[in-house]
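Engineer: With the input below, show me the fold.
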Amino acid sequence: MCGGVAGVLCLNAADYCAMEAGACVDTADPSGICAGKPEICTMDYNPVCGCDGKTYSNACAAAAEGVNVATPGECA
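Structural biologist: Next up is the predicted model:
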């Protein structure tokens, strides 16, 4: 669920619940919005740690997998 009180579901399989960096939650989040997963990302290496505990090459790469950014830099 995404979007707070209204509890909107992201029905399109190409969407995910995008949240601010650091907002990693397993339940509905008031600040989340349904957003399309990027289809093309740059190859820039600016690592981020995803909310799933995996390191991604950049924020776009994480979003393309439907994962929000937990912190900048590689995961510990």
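Engineer: Give me the three-state assignment for the residue nearest to residue 54 when sequence neighbours are not counted.
Structural biologist: Closest residue to residue 54 apart from its sequence neighbours, by C-beta to C-beta, 6 or more residues apart in numbering: residue 75 at 6.5 Å. In this view, the C-beta of every residue, glycine as well, is placed from N, C-alpha and C. Three-state call for residue 75 (DSSP: H, G, I helix; E, B strand; the rest coil): coil.
Engineer: pLDDT value on residue 75, please?
Structural biologist: We note a pLDDT of 97 for residue 75 in this prediction.
Engineer: show me the contacts for it.
Structural biologist: Contact analysis of residue 75 by C-beta atoms under 8 Å, 6 or more residues apart in numbering lists 49, 50, 53, 54, 55.
Engineer: which residues of this protein fall in strands?
Structural biologist: In the chain, the segments counted as strands under DSSP state E are 15-18, 33-36, 48-50, 55-56, 69-72.
Engineer: Mean pLDDT, mean neighbour count and distance to residue 2 for those - can I get that in CSV?
Structural biologist: Conversion of the strands of the chain to CSV gives the following (pLDDT from 0 to 100; neighbours: other C-beta atoms under 10 Å; distance: least, C-beta to C-beta, whole Å):
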stretch, mean pLDDT, mean neighbour count, distance to residue 2
strand 15-18, 89, 20, 4
strand 33-36, 90, 14, 5
strand 48-50, 97, 22, 17
strand 55-56, 98, 18, 20
strand 69-72, 96, 17, 16
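Engineer: could you dump these to CSV with distance to residue 9?
Structural biologist: Compiled in CSV, the strands of the chain are given as follows (distance: least, C-beta to C-beta, whole Å):
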stretch, distance to residue 9
strand 15-18, 9
strand 33-36, 8
strand 48-50, 22
strand 55-56, 25
strand 69-72, 22
